[in-house]
Structures are given as structure tokens and as C-alpha cells.
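Asker: got a sequence here, can you model it:
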Amino acid sequence: MTSEKSLSQIYEKRFSGHENYRNRVWEILVNEFFSKWIRSTDHILDLGCGYGEFINNAKCDFRHAMDLNPKSKSLLDKEIIFHHQDCSESWEIGQNSLDLVFTSNFFEHLPNKESLDRTMGEVKKALKPEGRLIAMGPNINVLKGKYWDFWDHHVALSDQSLFELLQIYDFTIEKSESKFLPYNMVRVKERPLFLVSLYLRFPFLWKLFGKQFLIVSKKN
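Answerer: Sure thing, here's the model as predicted:
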């Protein structure tokens with residue numbers, strides 16, 4: 001498993017200079033797309049929160065964030081409860097207490113499938129009945145060899161393999177897109193933000209440019 005020190009170094013080298021742009025992109029993503037699954041009274045967790053772009057822009061009463069990188073805490077709004085831990089270990093979050101767990105570009109960074117399996121067990125315990133897990137990540141079926149262009153990618157996932165894992169844990173799949181967002185915002189030219197809004201409004205563009213899956217699932 002990647003150490004905390006190595007994790008911090010990787011993040012800093014990868015995202016340095018992109019922080020403001022990434023936050024502005026996520027502000028659009030949350031406000032114009034993901035907000036449909038967020039109510040003001042919800043208790044939500046950003047699993048593998050990274051630099052907090054999702055959770056800082058989410059508008060609800062109770063916000064949690066979890067990451068192994070200790071730097072994450074300093075980048076979160078002060079009201080957010082930060083859980084600095086390995087997500088495959090027992091969570092210090094009450095059972096049946098969360099309305100939503102959101103995770104983006106995180107599961108592929110776990111060291112192995114056993115870790116992902118244990119993490120999914122913790123997700124299920126923490127979610128309320130009919131609580132949701134929204135997961136987004138690079139789709140190996142679409143990316144092929146490019147999936148491994150990031151040093152800390154360990155677990156190969158597609159929309160179909162995650163779909164199957166969610167079914168094993170008795171989640172109902174409400175929405176599944178094999179192609180949603182482009183691959184990343186790190187090694188590409190920053191584009192005008194109005195294009196992000198335009199992209200979200202026209203799903204046919206997802207089929208052309210999408211390299212990440214999106215799955216919205218509900219705990220039974």
C-alpha cells in the first residue's frame with residue numbers, strides 16, 4: 001500500500017498548479033449535476049476526498065470526508081468532519097447514519113480487491129436503508145492500456161465489474177453510464193468552464209469523450 005508520505009508527494013506533484021481550476025470544475029459538477037442526489041438535510045461522506053473538491057461544494061447540513069492523506073484536512077471547510085484512516089478498516093461513523101457516500105477516482109487506488117471488498121462492507125454498514133453510493137472512476141474497458149498511466153492505479157475496474165460487486169452487496173443500480181466524464185484534468189489543457197456545463201447537458205457528448213464510468217446505487 002502507498003504510504004502517507006508517498007501519497008502526499010504523488011498528490012502534490014500531480015495536482016500542483018491545477019487546484020483552482022479543479023475546484024471550479026467541481027463546483028459546476030456538483031451544482032449542475034450531482035446536486036440532484038443531495039438534500040439540504042443529508043448526512044454525506046466523500047470517500048477518498050483528496051483535496052475536497054466535491055465535499056467543499058456540496059450543500060447539506062452534515063458533511064464527512066475520509067482520506068489517508070493527512071493534508072486533506074487542511075483543505076476542507078472547517079465544518080466538515082475529517083476521518084484520517086484506511087477506508088478498509090472499521091469506520092468511526094455510525095451504522096445506518098449516512099444518506100449518501102460519494103467517491104470519485106478512488107477505488108482504483110486501493111491496493112487490491114480485498115481492500116475494496118472490505119471498504120464496500122463499511123459503505124453498506126454506514127448507509128441508511130435506501131441510502132445511496134455514487135461512484136465514478138476510470139473505465140478500463142474504455143481506456144485499455146491508458147488505465148495504467150498513473151503510478152498509483154492498482155485495481156482494474158470497469159462499470160460492469162463494479163456493477164457486479166454492488167449487486168453482491170445487495171445494492172440496486174439506479175443509473176449506470178459506462179462513459180461519463182473524460183479521463184482526467186491533470187495532463188490536459190485547461191478548457192473554458194462554460195464547456196463543462198455544456199458537456200453535462202448533452203449526454204451524446206459523453207459517448208464521444210467519456211472515459212470514466214458513473215454508477216448511482218441504492219442500499220436495499
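Asker: mind pulling up the phi and psi values for the spatially closest residue to Ser158 that is not a sequence neighbour?
Answerer: Distance criterion CB to CB, 6 or more residues apart in numbering; nearest residue to Ser158, sequence neighbours excluded, is Asn141 at 4.3 Å. The way it works is simple: take the backbone N, C-alpha and C, and place the C-beta from them, glycine included. Taking degrees, to the nearest 10, you get phi -70, psi -30 for the backbone angles of Asn141.
Asker: would you agree Lys128 falls within a strand?
Answerer: Yes. Remark: Lys128 belongs to a strand, assigned using DSSP: H, G, I helix; E, B strand; the rest coil.
Asker: pretty sure it contacts Gln95?
Answerer: No. At 9.2 Å, Lys128 and Gln95 do not qualify as touching, with contact defined as CB atoms under 8 Å.
Asker: looking at those two, which one has more neighbours?
Answerer: Neighbours were tallied for Lys128 and for Gln95 using other CB atoms under 10 Å; the higher tally belongs to Lys128 (15 against 12).
Asker: list the contacts of the more buried one.
Answerer: Lys128 is in contact with 96-99, 219, counting by CB atoms under 8 Å, 6 or more residues apart in numbering.
Asker: which residues does the closest residue to Ser90 other than its chain neighbours contact?
Answerer: If the residues on either side of it in the chain are set aside, Ser90 comes closest to Glu122, at 7.0 Å by CB to CB, 6+ apart. When contacts are counted by CB under 8 Å, 6+ apart, Glu122 touches 87-88, 90-91.
Asker: mind redoing it with 10 Å?
Answerer: Glu122 makes contact with 47, 66, 87-91, 93, 95, 101, according to CB atoms under 10 Å, 6 or more residues apart in numbering.
Asker: Glu89 now?
Answerer: With CB under 10 Å, 6+ apart as the criterion, the residues that contact Glu89 are 115, 118-119, 122.
Asker: now Ile215
Answerer: By CB under 10 Å, 6+ apart, the contact set of Ile215 is 133-137, 159, 162-163, 165-166, 171, 173-178, 180.
Asker: over to Lys175?
Answerer: Residues near Lys175 by CB under 10 Å, 6+ apart: 37, 134, 214-217.
Asker: likewise Trp91?
Answerer: Contact analysis of Trp91 by CB under 10 Å, 6+ apart lists 45, 47, 64, 66, 83, 85, 97-98, 119, 121-123, 125-126.
Asker: what about Ile140, distance to Lys207?
Answerer: Distance of Ile140 to Lys207, given as CB to CB, to the nearest Å: 18 Å.
Asker: same thing with Lys113?
Answerer: Here Lys113 is placed at a distance of 29 Å from Lys207 (CB to CB).
Asker: before we move on, back to that, which of the contacts of Glu122 count as buried?
Answerer: Among the contacts of Glu122, those classed as buried by 16 or more other CB atoms under 10 Å are 47, 66, 87-88, 91, 93, 101.
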